[in-house]
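Colleague: Coordinates for the following, if possible.
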Amino acid sequence: MPFLIHLLKAVWRARIDSFLSIYALMTGMTAISVVWFLGRSLVPDRAKGNEFAKIRDRRFSLPRSSIAPLLLVGSVLIGYVVLALKWEAFADYDEAFFTLFTLRGRNFPAPIWPDSGRFFPLGDQEFKLIQHFTGSVVGYHALPIAQLLIISFILLFVDHALSLKARATVAAVCLILPSIVYTFTGLVYQERNVVFWLACLVFFVKMFEQTQSTACAVAAAISAQNMIYYKETAFLLLLGFAVGRLILRCRRFEGECWEFRRLRSRESRLDLCLLSVGLLFLLYYASVMFRHPNMQYASDYEVTWDRTVLFYLTGDLLGLMFLATVLRRTYLIVQRRVSPSLLWDGLAFGGVACYAAYIFLRLCRLYYLAPVDFVAVLYVGRRIILSWEKMNSWKRVATLVLVVVALLQSISLSFFHVYERENMLHAKAELADAILVQSRSSTSTAQRLFFPFSGRYLITEFTSYLVYRGLRVEGEGIAVNSVAANEAVIVSAGFSQDKLCVDYRKFVCHAGRIPNRGDLVIELPDDLESNAQFDTYRAGGERVFTYAPRPDIPKWLYPLLGYLRLASYRWRFMPLPDRWLDASITIWR
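Modeller: Here you go, the predicted model:
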């Protein structure tokens with residue numbers, strides 16, 4: 001007992017600084033606990049072997065009708081690969097985690113930030129391993145591409161109640177959802193890992209139901225554990241999934257009574273293990289946050305209720321279809337008019353719980369919805385396909401209209417995001433090229449970079465990219481591959497005194513109302529101001545660099561873009577400026 005007490009005290013003291021070590025211990029204990037709790041299989045070994053043989057020997061046929069959907073899946077995956085190879089740079093939002101840390105051979109601690117109420121300790125930790133093998137943009141983006149390939153494989157083989165054509169169609173639709181495109185084209189969005197491990201969880205639970213394999217149960221529990229430590233709201237997915245399956249399993253389809261003896265089945269034991277994994281997460285979260293009981297991050301980024309409702313009504317038709325489908329099917333299950341599907345209905349309950357959490361928190365960004373949309377496309381698509389033959393003509397027409405509108409919305413929002421993101425990255429890369437050229441040719445001891453309108457966050461992120469490109473910046477020091485001899489000084493009109501640009505980086509931002517002679521006046525592509533506001537600075541010197549988005553979008557399409565801005569990181573709640581995605585450098589005279 002004294003040893004155990006000392007061990008628990010040591011774990012308590014190290015619960016933040018040594019999370020990865022504790023997590024490895026938790027993972028091992030989870031695997032052992034699942035093996036012990038499930039006990040011996042209730043299915044005879046011969047039956048289990050026969051089931052494995054059926055899965056292994058199942059012949060793969062390729063009907064002609066499935067060729068087009070499979071080609072579409074392949075084309076979309078190729079599109080992701082092209083995006084990873086073309087115009088990519090470590091200049092996206094929050095990619096200072098790479099430019100200032102992993103790409104310079106430095107590790108960053110697990111993101112546990114009690115002061116701001118954040119607890120997603122596995123966030124970006126996979127890149128600690130990747131940094132030992134590659135430092136290229138393509139190498140880093142190989143991970144999301146590999147995850148997409150695995151997810152596509154799972155979607156094509158997990159649900160044999162649907163034809164291969166139907167599964168391929170669902171997979172193709174999933175890959176073009178704006179929230180999925182958002183999270184898998186970037187590197188810092190933790191929803192990408194949540195979706196990946198959720199897909200693995202579904203796959204291994206399905207395999208366990210078919211084979212009663214303890215190895216599949218262990219893999220399912222580890223997948224669930226990995227998922228919830230990437231995003232705080234992911235535990236709602238897991239709890240809704242596990243609790244929903246337990247309720248549906250114990251509730252008799254005929255009669256009013258419950259059969260709690262079903263809790264002793266191996267499937268119920270697995271669900272109880274998954275529930276325990278989620279409760280352990282809550283315990284860990286409480287142990288970290290008990291001195292800082294706040295949700296500062298959510299408070300900082302929450303919007304008003306009217307904006308929240310409008311965002312979810314107009315920006316995520318699939319989510320609304322999902323919610324309506326789950327509510328209707330839940331009513332039918334309660335009325336005992338349909339028999340529940342433990343896997344898919346349980347998954348839907350988890351998705352609804354996560355969806356409700358984001359509405360309650362009033363957090364409105366498309367990429368937050370990636371796990372919910374992933375569940376939604378599987379659940380809604382499955383229900384439509386399985387019930388299509390039973391629908392009358394009017395229901396088919398109404399369903400087809402909703403599906404087409406949802407597809408058009410998804411395609412247009414995904415296009416907007418890709419267009420905006422790729423132009424923003426390209427603009428910042430070319431800005432950095434021009435700044436490096438000007439810095440090398442400058443005769444002064446320090447090149448001043450003047451940002452007339454950019455906020456402190458944008459300045460910090462762009463400055464970290466300049467450091468990665470080799471520019472000395474006051475405060476941070478020299479980059480590994482530095483080629484600039486002089487040190488750059490950051491000046492911003494938004495500061496009233498000289499101080500750190502943000503309190504979590506070393507960059508110094510100097511206050512300056514107007515530029516000095518020889519300053520480089522920087523117009524970033526994601527500045528919110530209009531042409532009229534920038535004209536004063538453009539006219540005050542010699543413009544040495546300009547960038548306009550390409551390909552050029554006709555002005556008559558701008559009203560449509562006004563709606564599609566819901567997919568934008570910066571402009572989702574404000575009109576697009578007339579200089580949208582423009583960038584420039586002016587030498588002040």
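Colleague: which secondary structure element contains Leu560?
Modeller: helix 558-564 (DSSP states H and E).
Colleague: That helix: how far from the chain's middle?
Modeller: 24 Å (Cα atoms, centre = their mean, to the nearest Å).
Colleague: Tell me the helices and strands packed up against that helix.
Modeller: helix 393-441 (3 or more Cβ pairs under 8 Å, 6 or more residues apart in numbering; DSSP states H and E). Where you see a C-beta, it was placed from the backbone N, CA and C, and this is true even at glycine.
Colleague: Is Val218 part of a helix or strand, or is it coil?
Modeller: helix (DSSP: H, G, I helix; E, B strand; the rest coil).
Colleague: In this structure it contacts Val35, no?
Modeller: Yes. With contact defined as Cβ atoms under 8 Å, Val218 counts as touching Val35 (6.5 Å).
Colleague: which other residues reach the helix holding Leu560?
Modeller: Thr314, Ser412, Leu413, Phe415, Phe416, Ile553, Pro575, Leu576 (Cβ atoms under 8 Å, 6 or more residues apart in numbering).
Colleague: could you dump those to a markdown table with neighbour count?
Modeller: Formatted as a markdown table, these follow (neighbours: other Cβ atoms under 10 Å):
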| residue | neighbour count |
| --- | --- |
| Thr314 | 12 |
| Ser412 | 16 |
| Leu413 | 25 |
| Phe415 | 15 |
| Phe416 | 20 |
| Ile553 | 15 |
| Pro575 | 13 |
| Leu576 | 17 |
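Colleague: what two of these have the greatest distance between them?
Modeller: Longest distance between any two of those is 21.0 Å, between Thr314 and Ile553; criterion Cβ to Cβ.
Colleague: Between the contacts of helix 558-564, which sits nearest Asp17?
Modeller: Looking across the contacts of helix 558-564 and measuring by Cβ to Cβ, the closest to Asp17 is Leu413, at 40.6 Å.
Colleague: how about the nearest residue to that closest one, chain neighbours excluded?
Modeller: Pro178 (3.8 Å; Cβ to Cβ, 6 or more residues apart in numbering).
Colleague: Give me the distance between the two termini of stretch 223-239.
Modeller: Stretch 223-239 stretches 14 Å from its first residue to its last (Cα to Cα, to the nearest Å).
Colleague: Outside of that stretch itself, list whatever touches it.
Modeller: Residues outside stretch 223-239 that contact it (Cβ under 8 Å, 6+ apart) are 23, 26-27, 30, 118-123, 190-191, 193-194, 197-198, 200-201, 204, 274-275, 277-279, 281-282, 285, 350-351, 353-354, 357-358, 371, 375.
Colleague: starting at the chain centroid, how far to the host helix or strand of Leu347?
Modeller: Assigned by DSSP H and E, Leu347 belongs to helix 342-361. In this view, helix 342-361 has its centroid 17 Å away from the chain centroid, taken as Cα atoms, centre = their mean.
Colleague: Please point out which parts of that helix sit buried.
Modeller: 342-355, 357-359, 361 (16 or more other Cβ atoms under 10 Å).
Colleague: you'd agree Val403 is up against Ile384?
Modeller: Yes. Using Cβ under 8 Å, Val403 is in contact with Ile384, at 7.1 Å.
Colleague: that older thread, arrange the contacts of helix 558-564 in CSV, one row each, with pLDDT and distance to Ala166 as further columns.
Modeller: Converted to CSV, those look like this (pLDDT from 0 to 100; distance: Cβ to Cβ, whole Å):
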residue, pLDDT, distance to Ala166
Thr314, 86, 29
Ser412, 92, 24
Leu413, 93, 24
Phe415, 92, 25
Phe416, 92, 29
Ile553, 84, 36
Pro575, 87, 41
Leu576, 87, 38
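Colleague: Can you tell me which of those residues is nearest Ser265?
Modeller: Distances from Ser265 to the contacts of helix 558-564, taken by Cβ to Cβ, are shortest for Leu413, at 43.0 Å.
Colleague: Leu323 versus that closest one, what's the distance?
Modeller: 19 Å (Cβ to Cβ, to the nearest Å).
Colleague: Ok, Ala583 next?
Modeller: 40 Å.
Colleague: quick one: which of the two has more around it?
Modeller: Ala583 (24 against 21; other Cβ atoms under 10 Å).
Colleague: list the contacts for the more buried one?
Modeller: By Cβ under 8 Å, 6+ apart, the neighbours of Ala583 are Ala427, Lys428, Glu430, Leu431, Glu523, Leu524, Pro525, Phe545, Thr546, Tyr547.
Colleague: any idea of the pLDDT on it?
Modeller: Ala583 is assigned 94 on the pLDDT scale.
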